[in-house]
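J.: sequence first, predicted coordinates after that:
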Amino acid sequence: MKPAAFDYHAPGTVEEAVALLAELGDDAKVLAGGQSLIPMLALRLTAFDHLVDVCRIPELQGVQQRDGGVRIGAAVRHAQVGTSPEVAAAAPLLTLATPLVGHFQIRNRGTLGGAIAHADPAAEYPAAALALDATMDIASPTGRRTLTAQEFFTDLWTTAMEPDEMLVGVTFPAWGGRSGFAVEEFARRHGDYAIAGAEVAVELDETDRVRRCAIGLVALGPTPERPREAEAELVGRPVSEIDPAEVGRLAMAGLTAVTSDGNGSADYRRRVGAAMVARAWTRAVADASTEGAA
Amino acid sequence: MSDVQVELTVNGQARTATVQPRLTLADFLREECRLTGTHLGCEHGVCGACTVLVDGEAVRSCLVFAVQAAGSEVTTVEGLGGPDGELSPVQAALRDCHGLQCGFCTPGFVVSITAFLRDNPRPTDQETREALSGTLCRCTGYQGILRAVQQAAGAETAR
Amino acid sequence: MTAAATGDGRVEAGGATRYAGTRIGRVEDPRLLTGRGTYVDDIRLPGMLHAVFVRSPVARGRILGIDASAALALPGVRHVFTAADLNPDVREQWHTSVGPKSPETPRPPLADTDVRFVGDPVALVLADDRYLAEDAAELVEVDYEQLPAVVDYTRAAQAQELVHEAHGSNVVGQLAGRPAATLADVFAGAAHVVTDTIHQQAHTAVPMEGRGMVVDYSASTGELTIHAATQAPHEIRLFCSRLLGLPEHRIRVLMRDTGGGFGQKVMVQRDEMALMLVARRAGAPVKWVEDRRENLLAAGMSRHEHADVSMAFDPDGLILAASIDFVSDCGAYPTPWPVGTSAAVGMLFPGPYRVPAASFTATTVYTNTAGRVAYRGPWQFETLAREVLLDNAAREMGMDPAELRRRNLLRTDELPFANPNGMTYDRITPLETFEQALEMLDYDAFRAEQARAREAGRYLGVGMSTYVEPSTPGYGSYATEAATIRIEPSGKVNVYIAGGSTGNSIETTVVQLTADVLGVAIEDVATIQGDTAVTGFGAGTAGSRSGSMTAGAVRDTATILRERMIAIAAHKLEAAPEDIELVRSRASVRGVPGASVTVAELAATAYFDPYSLPPGVPAGLEASARYTAETRSVWVNAAHVCTCEVDPVTGGVTLLRYIVSEDCGPMINPSVVEGQIAGGTVQGIGGALLEHLAYDEDGNPTATTFVDYLLPTATDVPVIEYGHIETMSGGPGGYKGVGEGGAIGAPPAVVNAVADALAPFGARITRLPLTPESLAALVPPEALR
């Protein structure tokens, strides 16, 4: 089980990297942490003549506070995301989601940018990016642009990036006030891709009404999903009058293309998804209420 | 396809080799360095038998190309015990607790547990189980390995 | 046993030092912990080529043509062999344990005209390195005519398509016991009859190291050296000798460390035959190391089977009769012929219960999937089916499942007991182990906790199972085991047994046993195993035989040397032989302080001063002996009790406690015994909850990676608690085999615990694995509100 041969490129700047991608076209693939790509190469499920290793580019490193949020370089490893105080302050949902990404040896190597660009709907970071309205900093040979997470994830393992584009960094806006966060997943084993999962952020006002909330759904469709209608129905309501089970049902109601495969039928995923949303909602609300007490 | 020159440090020794870019770090260690303690149990990043330390962090060496590790310090299971054959605290605890049987997965556990206890010297049972869950063992049912982590944690604390 | 452990782990018992019975640290460990083991993939020979198989991508088809020209054009690719090259060299293809007359499935090493499962080896590529060999394998063009495949084994017997056309049927064979019709009156007249059809999914051994072999042939000497990942080095040598027509003594098989086997590495399969055949044609040593995908594709399948089972009970819940109609999927190339082993399921179905009458049929069928191979407790379906049926019976009768078993389990005063299929159990403790396990749990307290939990909307369950297992087969090639012991001139000891480390700690076991019989310090004993050039024939690690058979071989051999040492010591010390005691490598005269001589001094005399030996004592301290089993099997039994919580929404199962009470006789090393039990139990847990070697309806395997084939991890298993009851077997030391039992007892204990947890929903579980989705389906959404 050995990968097919390829040429290796390790550009030192984003500009060099995107120039290479433009030049090599479909024969090239960005190599970040490699924790999803290398197994595919080893199994020869895919092959590329060129791999462009972006992990040595300085611009892709580091975690910085930015505009009250946090900007994470695309090559920042999961382990660094999980332990970063800046991330914990601005985007606690990401901190909570990190231990659920594979196992610690994978998190030592996998990158945030790689996970988001891979756009696996069963992965934790894409759903978190969608729930938190993250923005993606993208470079191409012709310049830079920014996409919202909503624009970025277009289909299964597919993003709005062009073949000569690469993800440079991701910015997560901060949630302030009385916010609470929780992640709930159900998987066959610890560390496996979830059968269904929910990443919930909720902010309460002084009267314990829902000021805003966001629900990222994992493994419930071809892309990470966000039940915006359900969120809208919850905003403004006193949190004590919201039945978590109702939140779960609402969150599932708008889903139209729930995954059905050997790991779970669509009906089963909806059942589990509703429960994960309900459980995450309960915990996120409790977390937000604690904020108020403090 | 062009070969690349790779320089890195393995168990404290500088290593230079010209390799194909597709050569995994695991095969670099096994074939170029002849350090066969790093085992290949799945070659797709699940079983954890090939785990080594790269710049101190435990990673699957089947999911790293040797060229990616250029400039790094790599530590394998051969580099964790004493040069005179003395077992490290983790190795000794695994022996005391019957934490290995066929031994094929063992190098991955030794390396992973070493890194885990360095970062979390007094883990709870749940933390230990989650940390071990990325390494597969087919012989022991994990019973002795779980006990060994607790014993090694105690030993580390006692120092 | 009254004993006190000393500082170095010895036991002082009755004045003599014994290592058996203690938790001596393993002698295998220092090398394995430091990365200094030697597995087959660690072998590297000058000029060695790397082999990769081209395997069939279709489940059933004809090979219309093979074009290897593109592969051979790659620089560094040395050979591409096909069936036409290798298969004509085949002389004989039979295993010693099976014999030449068994109606084995025809096994072309490489597929010749037909491919019969996805993964079927079609061609063998040899190249300078593994990467190149894989590149070349992709370039070998095989033209297949794809044919409809026989995938669903439950319909194989009726299928138009035949897996092996020459066989004329997809039914490999059928065996039966007493006809079911003769029990019809018993069932008709019973107060209660319970019936189920119970299904087990395909899953298998999945050792962490796949199979593998390095072959190294010397044309000038005609010698073939084979390094193998194996449980049976001598079987490999004999098989290879027959396959190639090479004299047995020209072949040497070596294995230092094997990364687990669990049955998969007992016999020689087609891929391994191809390696043996290629040895004389490659012009260089050749290494084949099976990768994980190949292992899950082609190393074999186990456990895929179902049965219609029934039991009849009297009004008090006493069993009146039991019947099983068993059907097993044997894939395309079962190894060995599976009909005989399938009958064991029927014969053992009554288990350790007072069953007065029983019937069985056992049917084996071919399909276009990976061939059936042995996996730890290959007949374990009898326990799964019986124990699940008993729990269902208890629920139907409104009886506690523990009480139902208690009323029917055999008591020691009823032994020996012949079950209705002619299996005579003896020296077992079914009721005692069962009661011990329930007591360790505190069964009544758990039932109370369960009731409280249910009121709070939480679903806890308890499951139990018991079994009786024939270990240590005492027939054919399994019936003997040899040891050679050399007390070297320095007094250090080497023990040579067939053995070989595959995870069963047999090196440690041998060292412990030898030190005890010889009366030498354990650090003075080493063992050499897994080399056919220096060890006597042994059938290998199979049938839970290594510990008990080796104990006999060591006892019989070491006793010869012990007597010789005592004679020499008595002569030197001018004492009577019966007054000599051997303790920690020193012979002393009992009651005479200072009158002693070391084993090193005895050895120096034996080797270097032969004329001062007492009359009749030969020079040297070397002996070989072969132990012959006294019985056809050594019975061993256990009870498993497991508790769990089931999330009724997700169907997720959390195991809470897991208790095994077993009777394997005295324990040579309790750590080793418990390690075997735990390993087998967790494999059984995996089989119940996670592992599935699945195929789609076209015969494409869908679990060929560790992402899809789910092994249990450290987060999936509870702490395993052990209870021991020690009943002496009739064999050496009273020991019994303990290698397989965990895997036999665990699946039904887990199934029964889950079913018990979901009993409030009326759940009845008859199909494995218990995926969360399948369990959630037992709890209708309306039941959750």
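T.: Everything's here; your move.
J.: report pLDDT for C:Arg178.
T.: Among the per-residue scores, C:Arg178 holds a pLDDT of 93.
J.: that one - how many residues pack around it?
T.: Residues lying near C:Arg178 (other Cβ atoms under 10 Å in any protein chain shown) number 16. For the C-beta atoms, the positions are set from N, CA and C on the backbone; glycine is no exception.
J.: next, the closest residue to it other than its chain neighbours: secondary structure please.
T.: By the measure of Cβ to Cβ, 6 or more residues apart in numbering or on different chains, the closest residue to C:Arg178 outside its immediate chain neighbours is C:Ser359, 4.7 Å from it. Using DSSP: H, G, I helix; E, B strand; the rest coil, the structure places C:Ser359 in strand.
J.: in the helix ranked longest in chain C, what's buried?
T.: Counting by DSSP state H, the longest helix found in chain C is helix C:546-573. By neighbour count with 16 or more other Cβ atoms under 10 Å in any protein chain shown, helix C:546-573 contains the buried residues C:546-558, C:560-562, C:564-573.
J.: neighbouring strands - and their directions - for the following helix or strand past that helix?
T.: Elements were assigned by DSSP states H and E; along the chain past helix C:546-573, the next helix or strand is strand C:580-583. Strand C:580-583 sits in its sheet next to strand C:586-589 (antiparallel), going by DSSP bridges.
J.: gap between whichever residue of chain B sits closest to chain A and B:Thr51?
T.: Residue nearest to chain A within chain B: B:Gly134 (2.6 Å; Cβ to the nearest Cβ). To B:Thr51, B:Gly134 is 8 Å away according to Cβ to Cβ, to the nearest Å.
J.: need the residues touching each of those two.
T.: Counting by Cβ atoms under 8 Å, 6 or more residues apart in numbering or on different chains, the residues touching both B:Gly134 and B:Thr51 are A:105, B:112.
J.: which one of the two is surrounded by more residues?
T.: B:Thr51 (32 against 27).
J.: that one contacts B:Glu57, correct?
T.: No: using Cβ atoms under 8 Å, B:Thr51 and B:Glu57 do not qualify as a contacting pair, with a distance of 10.2 Å.
J.: any stretches of the chain with poor pLDDT?
T.: All of this is about chain A. A:292-294 (pLDDT under 70).
J.: wait, chain C
T.: Judged by pLDDT under 70, the stretches of chain C that qualify are C:1-17, C:785.
J.: look at residue 59 and say how many residues are nearby.
T.: Using chain A here. 18.
J.: was after chain C, sorry
T.: Neighbours of C:Ala59 (other Cβ under 10 Å): 28.
J.: can you classify it by secondary structure?
T.: At C:Ala59 the chain is in coil, as set by three-state DSSP.
J.: list the contacts for it?
T.: Applying Cβ under 8 Å, 6+ apart, the residues near C:Ala59 are C:115-118, C:149, C:151, C:368-369, C:695, C:698-700.
J.: among those, which one lies nearest to A:Gln64?
T.: Looking at the contacts of C:Ala59 and their distance to A:Gln64, the nearest is C:Asn700, at 48.3 Å (Cβ to Cβ).
J.: show me the beta-bridge partners of the residue nearest to C:Arg178.
T.: C:Ser323.
J.: let me see the contact set for the residue nearest to B:Cys47 when sequence neighbours are not counted.
T.: Nearest non-adjacent residue to B:Cys47, counting by Cβ to Cβ, 6+ apart: B:Gly41, 3.7 Å away. By Cβ under 8 Å, 6+ apart, the contact list for B:Gly41 reads B:47-50, B:104-105, B:108, B:136, C:208-209, C:259, C:292.
J.: so which of the contacts of C:Ala59 reach chain A?
T.: Under the cut-off given by Cβ under 8 Å from any Cβ of the partner chain, chain A has nothing from the contacts of C:Ala59 close to it.
J.: so, low pLDDT: which residues of chain B?
T.: Looking at chain B by pLDDT under 70, you get B:156-159.
J.: interface residues of it facing chain A?
T.: B:1-2, B:4, B:20-22, B:24, B:27, B:43-45, B:48, B:51, B:54, B:57-60, B:62-65, B:67-68, B:112, B:116, B:129-131, B:133-135.
J.: ok, 7 Å please
T.: B:1-2, B:4, B:20-22, B:43-45, B:48, B:51, B:57-60, B:63-64, B:67-68, B:112, B:130-131, B:133-134 (Cβ under 7 Å from any Cβ of the partner chain).
J.: now C:Gln264: closest residue in space, sequence neighbours ignored.
T.: C:Ala205 (3.9 Å).
J.: I'd say that neighbour and C:Phe262 touch.
T.: Yes: with contact defined as Cβ atoms under 7 Å, C:Ala205 counts as touching C:Phe262 (3.8 Å).
J.: which residues touch whatever residue of the stretch 301-450 of chain C ends up closest to chain B?
T.: Closest contact between the stretch 301-450 of chain C and chain B, by Cβ to the nearest Cβ, is at C:Arg376 (10.4 Å). The neighbours of C:Arg376, taking Cβ atoms under 7 Å, 6 or more residues apart in numbering or on different chains as the test, are C:205, C:262-263, C:680, C:683, C:740, C:743.
J.: same deal with C:Ala149?
T.: Applying Cβ under 7 Å, 6+ apart, the residues near C:Ala149 are C:59-60, C:368, C:698-699.
J.: what of C:Ser729?
T.: C:427, C:634, C:665, C:735-736.
J.: looking at these, which is nearest C:Leu275?
T.: Using Cβ to Cβ, these come closest to C:Leu275 at C:Val634, 35.0 Å.
J.: bridged to that closest one, which residues?
T.: Bridge pairing for C:Val634 - DSSP bridges - gives C:Ser471.
J.: pretty sure it sits against C:Ser471.
T.: Yes: assessed by Cβ under 7 Å, C:Val634 is found in contact with C:Ser471 at 4.9 Å.
J.: quick one: common contacting residues for the two?
T.: C:548, C:736-737.
J.: quick check: residues of the stretch 51-200 of chain C near chain B?
T.: Residues of the stretch 51-200 of chain C lying near chain B (Cβ under 7 Å from any Cβ): C:Tyr131.
J.: still on that earlier bit, which of C:Val634 and C:Ser471 has more residues huddled nearby?
T.: C:Val634 (30 against 25).
J.: which residue sits closest to the residue nearest the centre of chain C, ignoring its sequence neighbours?
T.: In chain C, the C-alpha nearest the mean C-alpha coordinate belongs to C:Arg376, at 3.4 Å (Cα atoms, centre = their mean). Nearest non-adjacent residue to C:Arg376, counting by Cβ to Cβ, 6+ apart: C:Ala743, 4.1 Å away.
J.: in a strand, that neighbour, correct?
T.: No: under three-state DSSP, C:Ala743 sits outside any strand and is assigned helix.
J.: against B:Arg138, how distant is it?
T.: 11 Å.
J.: in which helix or strand does residue 70 reside?
T.: Since no chain was named, I'll use chain A. Applying DSSP H and E, one finds A:Val70 within strand A:69-73.
J.: actually it's chain C I care about, not the one you picked
T.: Short version, using DSSP H and E: C:Ala70 is in helix C:69-72.
J.: looking at the stretch 151-300 of chain C, which residue is nearest chain B?
T.: For the stretch 151-300 of chain C, Cβ to the nearest Cβ, closest residue to chain B: C:Gly259, 3.0 Å.
J.: so that residue makes contact with C:Gly210?
T.: No: no contact is recorded between C:Gly259 and C:Gly210 when judged using Cβ under 7 Å, the distance being 8.1 Å.
J.: thank you, goodbye.
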